[in-house]
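> model this:
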Amino acid sequence: GPLILCTFMATILQGHDSSDAHTADGGPEFAEVFVIVWVGAMIVTLNTKLLGGSISFFQSVCVLGYCLLPLVLSLIFCRIVLLANQNTALVIVRCILVLAGFAWSTFASMQFLGDCNPPSRKALAVYPMFLFYLVVGWMVISHSAD
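Numbering: from 1, shown residues only. Just a heads-up that it's a prediction; the model follows:
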C-alpha cells in the first residue's frame, strides 16, 4: 500500500533529464522523492515514539504512508489540469486541489497518530506531521507540465 503510493508519486513527479541545461525541467528525481517521503515518515515516527507514543514504529510509518493517498489523488487531478492551456484560473484550481489533499492527509494522520500521544504532547506530535505533508504537497503543486 504505502510503497505503491510512494512509488507512484515518485514516478509521476520525476523530472526529465536533459543534456541541455535550458530544456531540463528541474523537477526532482525519483530517488529524491522516494527518500523525502520515507525519511520524512521515519522522522515523524521517531518523534512520535520519543514523545511517548503508544504505537509501533512500523504501524506509524504505514499510517503516514496510507495518509499520502489524498495527496496522490491531488497529484493525479493536477496532472489532468496541466493538460489544458495554463491560465490563472487553472493555477487556482491546482492550489485548491493540493490544499484539499494536504488538509485531508493531515487530518487523517492526526486522527490515527494524534491520539496515541499523551494529551500534553499532542501539539508536539502533530506539528511534524503538518510539515511532512506540507513538503509533499509543495512537491505536488510545484510540479509543472513537461
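
> Only C-alpha atoms from now on, for both contacts and neighbour counts.
Will do.

> Low-confidence ranges, the chain, go.
15-27, 145-146 (pLDDT under 70).

> What segments of it are helices?
2-13, 30-50, 57-66, 69-81, 88-113, 122-141 (DSSP state H).

> could I get those as a markdown table with mean neighbour count?
Below are the helices of the chain laid out as a markdown table (neighbours: other CA atoms under 10 Å):
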| stretch | mean neighbour count |
| --- | --- |
| helix 2-13 | 18 |
| helix 30-50 | 18 |
| helix 57-66 | 18 |
| helix 69-81 | 20 |
| helix 88-113 | 18 |
| helix 122-141 | 19 |
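
> pretty sure residue 52 is touching residue 120, no?
No. Residue 52 lies out of contact with residue 120 (CA atoms under 8 Å); the separation is 10.8 Å.

> okay, these two: which has more neighbours?
Remark: of residue 52 and residue 120, residue 52 carries more neighbours, 14 against 8, as counted by other CA atoms under 10 Å.

> give me every residue that touches the more buried one.
The neighbours of residue 52, taking CA atoms under 8 Å, 6 or more residues apart in numbering as the test, are 117-118.

> phi, psi of it?
phi 90, psi 20 (degrees, to the nearest 10).

> For it, give its distance to residue 114.
For residue 52, the distance to residue 114 equals 12 Å [CA to CA, to the nearest Å].

> Next: residue 6.
Counting by CA to CA - residue 6 and residue 114 are separated by 22 Å.

> Please apply the same query to residue 89.
For residue 89, the distance to residue 114 - CA to CA - is 36 Å.
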